[in-house]
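K.L.:
coordinates for the following, if possible.
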Amino acid sequence: MRILIVGGGMGGTILANNLARRLKNEMKTGKAKITMLSASDKHMYQPGLLYVALGRMTPDELYRDQASLLEPGIEFHVDPVEEFHLDKNQVKTKGGKTHSYDLIAIATGSRAVPEAIPGLAENSINVYTEAAALKFHKTIGEFKGGRVVIAVGVPHKCPMIPPEITFTLYDYFKDRGLADKVSFHYTYPIGRLHSLEPVSNWMKGEFATRNITTETLFNIKEVDGAKKVVRSEEGSETKYDLLVVVPAHKGMEVIEKNNLGKGGWIPVDRLRLGIEGYANAYALGDTTNIPISKAGSTAHFEAEALAENLASIVKIGSPVRDYDGKVFCFIEAGKDRATYAMFNYNNPPDPKPPTKSVHWFKMAYNQLYWASARGLL
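P.N.:
Sure thing, here's the model as predicted:
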């Protein structure tokens, strides 16, 4: 049985490795074959971009060769898919090759689109690409004081990045002796500080201790760089000296171009991750339309569930388990304290007071990530 995995990020990599271990015997006998198509020969540890932005990591620490992370026997090609023909069980790549499959899993990820809002890309900083993180680091290093506005668009990758950016920047400027010269103002698109109410409630208390002002129901409409003003769809505006943004995201362009889902989000069954309308096609990670956090751990837990099901389809002809919506996210609450949020479809998160020990556990995970990508954690 030919299994095709499109995308070499967290979800695709864990899925491929988990499958390869489950189907070791079938791969040896030729009953199963696993092929991965990726747009890059490098694998990036995306959460590390925040640490690059703060000067705590260098860009080279974020990358490994993708082939080195894959189990033996997985056929790997750097040749991104350009056309999906799910009704024909085929894809066509940029290199002009056609790959046929019996089962396909799409894990193409998502992208920040600050350019979708007038003035936003030119007049703000974010942490969603290597270039953006380096610009972020340079900008905050030159900042001498003033009003820092944190503006958030939805949906976005990494649900905890809005509070993380706010708290780590607060400590960054404090350590530079600018605490009395910098004020923080935080905006969010819905009627609370975070999409997850328990996280919002936790943030409210943390913000109060730092005198961080807030405005909810603030959907970014445009940025006037000359006047240093960001305006909302609701009609309000706020002045800034430094605009830090968590831009809204979309799925990858190839998904939109192939009409697999509005905004690049592929509609899937939230329990089995099957793409609507196709019995042998699946999607996981950021690219799905599941209304749950777009996080590395989401992709991780989805990949584990999907690997078990695909292996079971090969072995006995049917899937055996559901994905329960499990997500686990660290939340950096400053330079040396952190907490976490763990939740699923039925149980909301319950963030605890931040501690140094959780922060150091997060620092350790920055190194353990590579074992996680191998599916060993």
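K.L.:
hey, let's count contacts and neighbours off CA atoms from now on
P.N.:
Will do.
K.L.:
ok, the most centrally placed residue in the chain - contacts?
P.N.:
Closest to where the C-alpha atoms of the chain average out (CA atoms, centre = their mean) is residue 157, at 3.8 Å. By CA atoms under 8 Å, 6 or more residues apart in numbering, the contact list for residue 157 reads 110, 249, 286, 293-295.
K.L.:
out of these, flag the one nearest to residue 83.
P.N.:
residue 110 (17.4 Å; CA to CA).
K.L.:
the closest one touches residue 287, doesn't it?
P.N.:
Yes: counting by CA atoms under 8 Å, residue 110 sits close enough to residue 287 to count as a contact (6.0 Å).
K.L.:
so between those two, which is more surrounded?
P.N.:
Taking other CA atoms under 10 Å, residue 110 and residue 287 do not tie; residue 287 has more neighbours (26 against 22).
K.L.:
re earlier: any residues in contact with both of residue 110 and residue 287?
P.N.:
Shared contacts of residue 110 and residue 287, defined by CA under 8 Å, 6+ apart, comprise 251-252, 264.
K.L.:
looking at these, which is nearest residue 236?
P.N.:
residue 251 (28.9 Å).
K.L.:
neighbour count, pLDDT and secondary structure added to the shared contacts of residue 110 and residue 287, as a markdown table?
P.N.:
Shown next, in a markdown table, are the shared contacts of residue 110 and residue 287 (neighbours: other CA atoms under 10 Å; pLDDT from 0 to 100; DSSP: H, G, I helix; E, B strand; the rest coil):
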| residue | neighbour count | pLDDT | secondary structure |
| --- | --- | --- | --- |
| 251 | 23 | 96 | strand |
| 252 | 19 | 97 | coil |
| 264 | 26 | 96 | helix |
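K.L.:
make TSV from the residues you listed and add distance to residue 186 to it.
P.N.:
Putting the shared contacts of residue 110 and residue 287 into TSV (distance: CA to CA, whole Å) gives the following:
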residue	distance to residue 186
251	26
252	28
264	28
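K.L.:
how's this protein carved up into domains?
P.N.:
2-109+252-326, 113-248 (automatic domain parsing).
K.L.:
CSV for those domains, including distance to residue 372?
P.N.:
Converted to CSV, the domains of the chain look like this (distance: least, CA to CA, whole Å):
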stretch, distance to residue 372
domain 2-109+252-326, 8
domain 113-248, 17
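K.L.:
distance-wise, check the residue lying closest to residue 295 once chain neighbours are set aside relative to residue 195.
P.N.:
Distances taken as CA to CA, 6 or more residues apart in numbering put residue 158 closest to residue 295, at 4.8 Å, once the chain neighbours are dropped. Plainly put, residue 158 is 12 Å away from residue 195 if you go by CA to CA, to the nearest Å.
K.L.:
tell me which helix or strand comes right after the strand or helix carrying residue 162.
P.N.:
Residue 162 belongs to helix 161-175 when assigned by DSSP states H and E. Per DSSP H and E, helix 161-175 leads on to strand 182-187 as the next helix or strand towards the C-terminus.
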